[in-house]
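**Student:** using only what follows, build the 3D model:
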Amino acid sequence: MAKKHIAVAMGGYSSELEISLQSGAMVCEYLDQEKYHVYPVHILQEGWFYVSENGTRHQVHKENFSFEKDGETIKPDAVFNCIHGTPGEDGQLQAYLRLVGVPQTSAGYYQAALSFNKRDCLSVLKGFGINCANSYYVNKGSAIDKEEIIKKVGLPCFVKPNRAGSSFGVSKVKEMDELLPAIEKAYKEDYEVLIETALIGTEVQVGTYKHNGNIIALPTTEIVSENEFFDYEAKYLGASEEITPARITEEETERIQAEAKKIYEVLNMTGITRSDFIIQNGTPYFIETNTNPGMSKESIVPKQVREAGMTLTEFFSILVEDVLL
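**Tutor:** I've put the predicted structure just below:
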């Protein structure tokens with residue numbers, strides 16, 4: 001059987017560019033070279049390029065996502081989407097690829113846009129009985145009533161940009177005076193801001209994907225942050241301990257995996273997602289779901305895949321084959 005052409009999209013237009021390039025490099029390294037021709041494609045604000053082994057950049061033709069390699073025009077059979085943030089995690093790239101007829105490995109354009117907007121995603125999931133923290137929303141330019149906010153969410157609370165990843169712009173607020181500076185910090189990432197009750201408990205994350213029509217939850221990971229919360233430094237600069245499987249009871253593990261699968265099904269997801277929860281007094285509360293979770297060496301999903309007894313090569317093949325059907 002002829003080898004399929006797989007482009008690995010990485011980069012993006014957000015603060016998460018560097019992390020995405022690390023994820024993409026790892027996917028290129030572990031994709032099965034026996035089955036696929038693999039092409040790193042950098043999606044950058046200055047342009048879209050296939051980057052050859054010697055580092056030469058070849059422009060991607062946006063009318064059909066093709067590019068030249070050794071005098072041959074390659075139109076990928078599928079795209080392995082490793083972009084964190086815009087445009088690969090918020091639905092823009094997904095919608096474009098659908099228009100030009102190239103399947104991709106993450107959620108569909110609507111599902112990606114919905115889950116990237118934390119406010120809208122929480123609103124939908126609450127309607128399906130998923131437990132979430134109390135929340136309050138503000139938009140840039142609107143009046144801010146500090147008393148009303150604290151009455152709704154209490155202290156401590158988290159202030160976060162509605163549509164940004166990797167914990168950029170997030171603050172934990174313990175005193176009323178810290179609220180406005182925290183909102184200003186979040187506005188640097190997004191003009192919509194989400195303020196939530198700070199749940200106290202164990203943070204647990206779980207990857208979920210579909211294989212042969214079945215939704216499968218991976219082993220759980222417990223996050224123990226040296227910082228106040230699982231922020232950028234904790235995620236990527238080693239200021240946290242990630243324990244896989246999580247040190248929770250079998251019953252709690254099953255409940256979190258069941259919740260993650262329910263969220264995946266309710267949101268009609270495809271590809272691999274990672275849902276984050278905090279277990280407070282035995283109940284898992286949903287925090288957010290990521291449709292393009294990190295795939296770098298430090299990332300959580302690759303650790304969960306290995307814990308489940310799979311190699312990354314096997315797992316990446318499952319994600320690719322699912323969209324080539």
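
**Student:** low-confidence stretches in the chain?
**Tutor:** Within the chain, the ranges that satisfy pLDDT under 70 run 164-167, 226-239.

**Student:** which parts of it are helices?
**Tutor:** Secondary structure of the chain by DSSP state H: the helices cover 17-30, 92-99, 109-116, 118-126, 146-153, 179-187, 232-236, 250-266, 300-307, 312-324.

**Student:** which segments of the protein make up each domain?
**Tutor:** 4-113, 135-197, 200-318 (automatic domain parsing).

**Student:** how about those domains, which one is nearest Ser123?
**Tutor:** Among those, the nearest to Ser123 by C-beta to C-beta is domain 135-197 (9.3 Å). Glycine gets a C-beta too; all of them are placed from N, C-alpha and C.

**Student:** span of the closest one from start to end?
**Tutor:** 6 Å (C-alpha to C-alpha, to the nearest Å).

**Student:** ok, now stretch 73-88?
**Tutor:** 24 Å.

**Student:** distance to Gly127 and mean neighbour count for the domains of the chain - can I get that in JSON lines?
**Tutor:** Shown next, in JSON lines, are those (distance: least, C-beta to C-beta, whole Å; neighbours: other C-beta atoms under 10 Å):
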{"stretch": "domain 4-113", "distance to Gly127": "16", "mean neighbour count": "19"}
{"stretch": "domain 135-197", "distance to Gly127": "14", "mean neighbour count": "17"}
{"stretch": "domain 200-318", "distance to Gly127": "9", "mean neighbour count": "19"}
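
**Student:** for the ones you listed, which one sits closest to Arg119?
**Tutor:** domain 135-197 (5.2 Å).

**Student:** quick one on the thing from earlier: and of the domains of the chain, who's closest to Gly129?
**Tutor:** domain 200-318 (8.7 Å).

**Student:** tell me the contacts of Ala217?
**Tutor:** 206-208, 257-258, 260-261 (C-beta atoms under 8 Å, 6 or more residues apart in numbering).

**Student:** pick out the most distant pair among the residues you listed.
**Tutor:** Using C-beta to C-beta, these reach their maximum pairwise distance at Gly207 and Ala258, which is 14.4 Å.

**Student:** surely Tyr109 touches Gln94?
**Tutor:** Yes: in terms of C-beta atoms under 8 Å, Tyr109 counts as a neighbour of Gln94; the distance is 3.9 Å.

**Student:** any common contacting residues for these two?
**Tutor:** Common neighbours of Tyr109 and Gln94 (C-beta under 8 Å, 6+ apart) do not exist.
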